[in-house]
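1. Sharing a sequence plus its predicted fold:
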Amino acid sequence: MATRHFLTLLDLTPDELAYLIQRAIRIKSALKSQGPAYTPFANRTLAMIFEKSSTRTRVSFETAMAQFGGHALFLSPRDTQLGRGEPIGDTARVLSQMVDAVMVRTASHADIEAFAAASSVPVINALSDDCHPCQLLADIMTWIECRGSVKGKTAVWIGDGNNMCHSWINAARQFDFKLRVCCPEGYDPDSAVLAAAGERVTLMRDPRKAVIDADLVTTDVWASMGQEQEQAERERAFSGFQVDEAMLDEAAGDVLFLHCLPAHRGEEISQTLLDDPRAVVWQEAGNRLHAQKALLEFLLLGRVD
């Protein structure tokens, strides 16, 4: 099988993504009923390169490899020659001789693309400044688990037009749902990413109007990693964009709320929103494990019937 990478949701076809979601749901069900009995990755190794810290990403990928019978290596800039200036392509070529797949969490999407271009084993984007496709696998999985098919439904993104927003835009294209992106002026998503989605995505300014009759509402922190110095400025810009229970009351009666976490209670969400039954963020977080298992299996073994 030719080497496949997963740098954005657009690297897989809609059919392949649909397969991944259903496969993740089956893997989750089997784990609950049988325990970690399915171990297709004996003697397989995943290298995990972290230039940005993480809780959910590290734990989910490391646990996925362990439960599949394989092994995960945690590598920070202090642990590799990347931190001492080795060219990205050289590191990729070396690791390709030793491991079965590489997961990279970094700032620069261009660096991940350069790594993948030089790698002969699958490379997974576990977060870049451009997008966060693994999170969207878990998000769409959660939406489907809770509400069935998402085709033709309406999701709303409220907040910064950041990497998560970009991945939601790509998800609307790949899973065929409508997306309303609601950002304050000056914080829009990349215009090329927005334009490529065509009529599936609408840009709005008023979050109270954006959520009307929506099937799903989601958001993210106002200042992501590396933007902490902008916190006060962003709090002013995003005034009025906090998602709270009253805002969800304007959406569809069976609306769901998602958040990729970590959440800043009292900022982008109300203090109590995560305790609302419409919020399914803990299920969403847990689904990172199962969705990434399905992804790893697909990249290394292909489809499994």
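-> Perfect, thanks for sending it.
2. pull the CA atoms of the worst-scoring helix or strand of the chain on mean pLDDT into CSV?
-> Across the helices and strands of the chain, the lowest-confidence element by mean pLDDT, DSSP states H and E is helix 231-237, at a mean of 89. Presented in CSV, the C-alpha positions along helix 231-237 are these (Å, rounded to 0.1, in the frame of the first residue of the first chain):
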residue,chain,number,x,y,z
GLN,A,231,-5.1,37.8,26.0
ALA,A,232,-6.3,41.3,27.1
GLU,A,233,-6.8,42.5,23.5
ARG,A,234,-8.6,39.3,22.5
GLU,A,235,-10.9,39.5,25.5
ARG,A,236,-12.0,43.0,24.3
ALA,A,237,-12.4,41.8,20.7
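3. List the buried residues of whichever helix or strand comes after that helix.
-> Tracing the chain past helix 231-237, the next element assigned as helix or strand by DSSP states H and E is helix 245-249. By 16 or more other C-beta atoms under 10 Å, the buried positions in helix 245-249 come out as Met247, Leu248. Every residue, glycine included, has its C-beta placed from N, CA and C.
4. what's the distance between helix 245-249 and the middle of its chain?
-> 25 Å (C-alpha atoms, centre = their mean, to the nearest Å).
5. what does stretch 152-169 give?
-> 11 Å.
6. First-to-last residue distance for that stretch?
-> 14 Å (C-alpha to C-alpha, to the nearest Å).
7. list the buried ones in stretch 236-245?
-> The neighbour-count check on stretch 236-245 (16+ other C-beta under 10 Å) flags Ala237, Phe238, Phe241, Gln242, Val243 as buried.
8. where does Met58 sit relative to Ser76, distance-wise?
-> In this structure residue 58 is Arg, not Met. Counting by C-beta to C-beta, to the nearest Å, the separation of Arg58 from Ser76 is 10 Å.
9. list residues touching both of these two?
-> Contact criterion C-beta atoms under 8 Å, 6 or more residues apart in numbering; residues shared by Arg58 and Ser76: Phe50.
10. Comparing these two, which residue is more hemmed in?
-> Neighbour count, other C-beta atoms under 10 Å: between Arg58 and Ser76, Arg58 has more, with 17 against 13.
11. In which helix or strand does the spatially most central residue of the chain reside?
-> Taking C-alpha atoms, centre = their mean, the centroid of the chain lies closest to Gln135, which sits 1.8 Å from it. Gln135 belongs to helix 133-147 when assigned by DSSP H and E.
12. Parallel or antiparallel, list what pairs with the next helix or strand after that helix.
-> The helix or strand immediately downstream of helix 133-147 is strand 154-158, counting by DSSP H and E. If you go by DSSP bridges, strand 154-158 pairs up with strand 178-182 (parallel), strand 216-219 (parallel).
13. In TSV: those, plus mean pLDDT.
-> Shown next, in TSV, are the strands paired with strand 154-158 (pLDDT from 0 to 100):
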stretch	mean pLDDT
strand 178-182	98
strand 216-219	98
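14. May I see these arranged in a markdown table, with mean neighbour count and distance to Arg303 as well?
-> Shown next, in a markdown table, are the strands paired with strand 154-158 (neighbours: other C-beta atoms under 10 Å; distance: least, C-beta to C-beta, whole Å):
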| stretch | mean neighbour count | distance to Arg303 |
| --- | --- | --- |
| strand 178-182 | 22 | 28 |
| strand 216-219 | 27 | 28 |
